[in-house]
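A.B. asks: Give me a 3D structure for the following:
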Amino acid sequence: MKEIELNYKELGEGTPVIILHGFLGMLDNWKTFGRKLSENYKVYLVDQRDHGRSPHTDDFDYTLLANDLSDFMNQHGIEKAHLLGHSMGGKTVMKFTQLHEEKVLSSIVVDIAPKAYNNHHTDILDALHSISPSEIQDRGEADDALAKYISDWGVRQFLMKNLSRNPEGGFRWKMNLALLTEKYDNIIQPVDQSVSEVKCIFINGSKSNYIVEDDKPEISKVFPNAKFHTIEDAGHWVHAEKPLELLEVVQAFISAN
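C.D. replies: Residues are numbered from 1 along each chain as shown. As a prediction, the model looks like this:
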């Protein structure tokens, strides 16, 4: 399998911590959090394949994403690292600990379980496909188009981070929208049941339903060393809604491992 070179940003010095974003996200979503964490650690913010400024490919599943991360560590001389993944990035981290346990100091999974999820991005994908980025003149026009499908302003702003202006006019999507739509079932599928002994913590937002109480026994079967922590008054985007609380939990867990 041909290696790809993922886009990344490096911050700080010390023990390495690699942060992976969620579906339709990018490393920029974690820049503020990463900057604070880099006061004590060497932080790598990474765009996963077909997202942000990383290469567009012709396939997408968690084994590929985990092996991309292994290649990234090899390319940058990182023998072992703490891993933090949000949502889709959390499933990449889980898969990575199953395939490459020897490279993991500890893992932090933010607001995702290893289970299968229902298709809950239909409106978002429909909204993105309704736009022809090359024909848009400004971001206001894009926002108006997305608003026909998505009422939440914050979600629209998150999605519009994917718009990149073309030098000749108009915009283009940073992410590989066609492939991500085609391979969407691979994104919501479960992580397999291979047991990983890595020390890990699953952090959820109290207002999010991505991890519920009934998930915890199943998580513990696959990750017997898992700890759990709930951040109050946070939804799915814990790092945006409660960054200081998340930072405190993450730093305490990393320093203990």
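
A.B. asks: where does the residue lying closest to residue 163 once chain neighbours are set aside fall, phi/psi-wise?
C.D. replies: Of all residues not flanking residue 163 in the chain, residue 171 sits nearest, at 4.6 Å (Cβ to Cβ, 6 or more residues apart in numbering). Heads up, the C-betas are built off the backbone N, CA and C, glycines and all. Main-chain dihedrals, residue 171, degrees, to the nearest 10: phi -130, psi 170.

A.B. asks: and what of residue 81?
C.D. replies: phi -150, psi 160.

A.B. asks: What separation do you get for the residue nearest to it when sequence neighbours are not counted and residue 83?
C.D. replies: Setting aside the residues directly before and after it, residue 81 is nearest to residue 16 in space (Cβ to Cβ, 6+ apart), at 4.1 Å. According to Cβ to Cβ, to the nearest Å, residue 16 and residue 83 sit 9 Å apart.

A.B. asks: Counting neighbours, go ahead and name the busier of these two.
C.D. replies: Taking neighbours as other Cβ atoms under 10 Å, residue 16 and residue 83 compare with residue 83 leading, 30 against 21.

A.B. asks: Does that one touch residue 108 like I think?
C.D. replies: Yes. Counting by Cβ atoms under 8 Å, residue 83 does reach residue 108; the two are 6.9 Å apart.

A.B. asks: Find the residues that touch each one of these two.
C.D. replies: Residues touching both residue 83 and residue 108 by Cβ atoms under 8 Å, 6 or more residues apart in numbering: residue 93.

A.B. asks: Could you tell me which residues make contact with residue 35?
C.D. replies: Going by Cβ under 8 Å, 6+ apart, residue 35 touches 11, 43.

A.B. asks: all helices of this protein, in order?
C.D. replies: For the chain, the helices defined by DSSP state H cover 31-37, 62-75, 88-99, 122-129, 139-147, 153-160, 177-182, 184-188, 215-222, 238-241, 243-256.

A.B. asks: now for the ones you listed, which one comes closest to residue 21?
C.D. replies: Among the helices of the chain, helix 88-99 comes nearest to residue 21, with 5.3 Å by Cβ to Cβ.

A.B. asks: and the closest one, what's its mean pLDDT?
C.D. replies: Mean pLDDT, helix 88-99: 98.

A.B. asks: tell me the angle of that helix relative to helix 215-222?
C.D. replies: Here helix 88-99 points in a direction 30 degrees away from that of helix 215-222 (axes from the mean of the first three to the mean of the last three Cα atoms, to 10 degrees).

A.B. asks: contacts for helix 88-99?
C.D. replies: Residues outside helix 88-99 that contact it (Cβ under 8 Å, 6+ apart) are 19-23, 25, 48, 62-63, 65-67, 69-70, 83-85, 103-104, 107-112, 114, 187, 191-192, 194, 196, 198, 200, 222-223.

A.B. asks: I'd like to know which of those are part of strands.
C.D. replies: Residues of these located in strands (DSSP state E): 19-20, 83-85, 104, 107-110, 200.

A.B. asks: Tell me, how many residues neighbour residue 139?
C.D. replies: Neighbourhood size, residue 139 [other Cβ under 10 Å]: 14.

A.B. asks: contacting residues around it?
C.D. replies: Contact analysis of residue 139 by Cβ under 8 Å, 6+ apart lists 160, 163.

A.B. asks: just to revisit the earlier point, surely the residue nearest to residue 163 and residue 162 touch.
C.D. replies: No. Using Cβ under 8 Å, residue 171 makes no contact with residue 162, being 9.3 Å away.

A.B. asks: ok, now how distant is the residue in the chain sticking out farthest from the centre from residue 37?
C.D. replies: Each residue of the chain has a distance to the centre, and by Cα atoms, centre = their mean the biggest one is for residue 168: 31.2 Å. Relative to residue 37, residue 168 is positioned 38 Å away (Cβ to Cβ).

A.B. asks: What of residue 252?
C.D. replies: Taking Cβ to Cβ, one finds residue 252 at 12 Å from residue 37.
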